[in-house]
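In: need a structure here:
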Amino acid sequence: MTERKADPAMYARVFEENREGQLVLEDLVQRFGGRLYVKGDHAAERQTLVNLGRRELLDHILGQINLAHGVDPSDEDTDSHTPA
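Out: This next block holds a predicted model:
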C-alpha cells in the first residue's frame, strides 16, 4: 500500500468542511494566534521566541488551506514576524 501524504486540499477539507475541524482550528487560533512579540528584557525576548515557535504550526495549517484555495504563498506577507 502506497503511503499518501497530506496535501493542501486535505487541510481545507479537515479544517473548513468538517465542523469538528472548524472547532479545532478556532481553538488553535485562540491559543496560538495571539500577540507574538513581548517588549522587555532577555526574558521577554525568550518569550517572544516561544510565541513564534508556537505560532509556526498555526501558520503552516493556514498556509496549506490558502494553497488549497489557490492563494500563492508569495502573495502573502512574507515578513509577518517583524514587529511593527
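
In: tell me the strands in this structure, going along the chain?
Out: Counting by DSSP state E, no segments of the chain form strands.

In: Quick check: longest helix in it by residues?
Out: helix 42-68 (DSSP state H).

In: what about that helix, average pLDDT?
Out: On average, the pLDDT along helix 42-68 is 94.

In: Can you list the buried residues in it?
Out: Thr48, Asn51, Arg55, Ile61, Leu62, Gln64, Ile65, Asn66, Leu67, Ala68 (16 or more other C-beta atoms under 10 Å). C-betas here are computed from N, CA, C, even on glycine.

In: Dump the residues you listed into a markdown table; add distance to Asn18 as well.
Out: Formatted as a markdown table, the buried residues of helix 42-68 follow (distance: C-beta to C-beta, whole Å):
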| residue | distance to Asn18 |
| --- | --- |
| Thr48 | 33 |
| Asn51 | 28 |
| Arg55 | 23 |
| Ile61 | 13 |
| Leu62 | 16 |
| Gln64 | 15 |
| Ile65 | 12 |
| Asn66 | 18 |
| Leu67 | 18 |
| Ala68 | 14 |
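
In: tell me the pLDDT at Val76?
Out: Rather than Val, residue 76 is Glu. 60.

In: State the distance from Arg46 to Met10.
Out: Remark: distance between Arg46 and Met10 (C-beta to C-beta, to the nearest Å) = 35 Å.

In: Name all residues that make contact with Ile61.
Out: Taking C-beta atoms under 8 Å, 6 or more residues apart in numbering, we find Ile61 in contact with Tyr11, Phe15, Leu25, Leu28.

In: I'd guessed the second one sits against Asp27; true?
Out: No - here Phe15 does not reach Asp27: they are 11.1 Å apart, not a contact under C-beta atoms under 8 Å.

In: When those two are compared, which one has more neighbours?
Out: Neighbours were counted for Phe15 and for Asp27 using other C-beta atoms under 10 Å; Phe15 has more, 21 against 10.

In: who touches that one in this structure?
Out: Gly21, Gln22, Val24, Leu25, Ile61, Ile65.

In: Quick one, grab the pLDDT at it.
Out: 97.

In: how far away is it from Leu49?
Out: Distance, Phe15 to Leu49, by C-beta to C-beta: 26 Å.
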